Every structure is written in C-alpha cells, then in structure tokens.
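> The following block contains a protein sequence and its predicted model.
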Amino acid sequence: MRAATRGRRVSISTAPSFASKWLIPRLDRFQELYPDTEVRLSADMALVEFSGSDIDLAIRYGPGGYEGLQAERLMTESVIVVGSPRLLESHGPLRTPSDLISAPLIHDDGPERDPSCPTWGMWFAARGLRRVDVERGLRFNQSSLAIEAAIAGKGLALAKRQLALRDIADGRLVAPLSESDAPVNFAYWLVWPRGRRFEPAQTAFLEWLRGQAMEGDSAADQTA
C-alpha cells in the first residue's frame, strides 16, 4: 500500500526563496501534465536528512559535492541589479554604476549567501566607486524578501537572476544597467540518496525540473 501511494506522489525539499520565486510559480505546469500526482513541498533552510524523512529529492543552493548523495547541477546562478519601474522613474536614468551612488539600496543577508556573491560594498568597490552610506538600507534574511522589497519600490537589490527572472519578464522588475551579470560560484543542485529507486512520479518530476531549468536558462540569455 505504501509503494502504491509513493508511486503517485513526490516530496521535494528546497530553500524558501527558491520555492516561492522559482518553483511554486511553475508547479501548475507540472500539475497540468500529471494531474494524478501529488506534490509535497517542504521549504526549509535546514538541509534534509533523507534517512529520517520521506523526502524524495532536494534542490540545494551551494557548491555541490554532497557526501553520500547523488548531485546533479540544475542551474548556474549570477547576480544582477534590479529595481521597480516606479523607482527608476523617480530617480532618473540609472544606466551606469555611478548613477547608483544616491539610489536607495536593499541588502540580502540570507543565510545561504555564496561567499562569491557580492555585497553592495563589494559591488561598488569592484567598479572603482566609493559610497559612504553603502551599508544603509533595508535588510532581509531571505532573498525572496529582498526581491519583493525591490518590486515594492523600496530600493535597488543585488538579486539572484534565477529568482528574479519571472518578475523581470512580467515587468515588475527592471535590470537597468547594461553591464553583464556577475557570475557566482554556487549553483542549484538536485540531490538524492545514492542508489535510490524512483517511482514514476518522482522520475516524471525530475525530468520536468530539468526541462524547466533549460527553459529558464534560455529566458535568462534573452534578457541578459
């Protein structure tokens, strides 16, 4: 009976920001394709212990190389400056890094921060600019909250492109600078226990995730 139930459901663990900004907006596509499959999503910053849970697979943001687990890179990540169209209108054109000297800033202090992911201080310094009040501004402990604050016009954010991509495509956010994204070392990884046998529901979800990631990368290339 348990095997029959497991064959019709898939349980995924991932970080809250990735769940809210990337995965959840796409889930209706999977449910249209597989209406009989039950999706269970656990959004938590803690790394799942597969041996003591019913989680089938996880999506982790990190360096890869997870001991005892099969790890497959789902997507790379980069950082981009984003703001709301309303903010850009009120602060005039923001086309070059020097135009950001007086703009309000939003800080992402999420615990999943990649050491190679720049802070605003690092970002300005890398461009030969100095901003005295660079540490001022709203601070959030989740990347999704920093993006939502940017959408609300509270300031400019250094956002992870994959998380901001849908809001950019829908016009809620704008990437005003002409410079290229800043790639980071961390990536999104699909992980599951080595030797685990997937039922049809989990296999279908895994293949669907791969397709969505490829589609997202194509969209990112078009907006870069």
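Yes, it's here.

> low-confidence ranges in the protein?
Confidence mapping of the chain against pLDDT under 70 gives the ranges 1-7, 216-224.

> and the residue positioned nearest the centre of the chain, what is it in contact with?
Note on the chain: the residue nearest the mean C-alpha position is Leu163, at 3.5 Å, using Cα atoms, centre = their mean. By Cβ atoms under 8 Å, 6 or more residues apart in numbering, Leu163 lies in contact with 17-18, 21-22, 143-144, 147. For every residue, glycine as well, the C-beta is placed using N, CA and C.

> Write the PyMOL selection for whichever of those are buried.
Per 16 or more other Cβ atoms under 10 Å, the buried members of the contacts of Leu163 correspond to this PyMOL selection:
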select buried, resi 17+18+21+22+143+144+147
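
> The helix or strand that contains the residue nearest to the centre of the chain: how far from the chain's middle?
Element membership for Leu163, per DSSP states H and E: helix 161-169. Remark: helix 161-169 is offset 9 Å from the chain centroid, using Cα atoms, centre = their mean, to the nearest Å.

> buried set for it?
Buried residues in helix 161-169, counted by 16+ other Cβ under 10 Å: 161-168.

> export those residues to CSV and tack on distance to Ser11?
Below are the buried residues of helix 161-169 laid out as CSV (distance: Cβ to Cβ, whole Å):
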residue, distance to Ser11
Arg161, 28
Gln162, 22
Leu163, 22
Ala164, 27
Leu165, 26
Arg166, 24
Asp167, 27
Ile168, 30
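
> Among those residues, which one lies nearest to Tyr188?
Distance to Tyr188, by Cβ to Cβ, is smallest for Gln162 among the buried residues of helix 161-169, at 7.1 Å.

> any idea how far the closest one lies from Trp120?
Going from Gln162 to Trp120 by Cβ to Cβ, to the nearest Å gives 20 Å.

> helices and strands around the longest strand seen in the chain, which ones?
Looking across the chain with DSSP state E, the single longest strand is strand 69-82. Judged by 3 or more Cβ pairs under 8 Å, 6 or more residues apart in numbering; DSSP states H and E, strand 69-82 is in contact with strand 156-160, helix 161-169, strand 182-193, helix 200-223.
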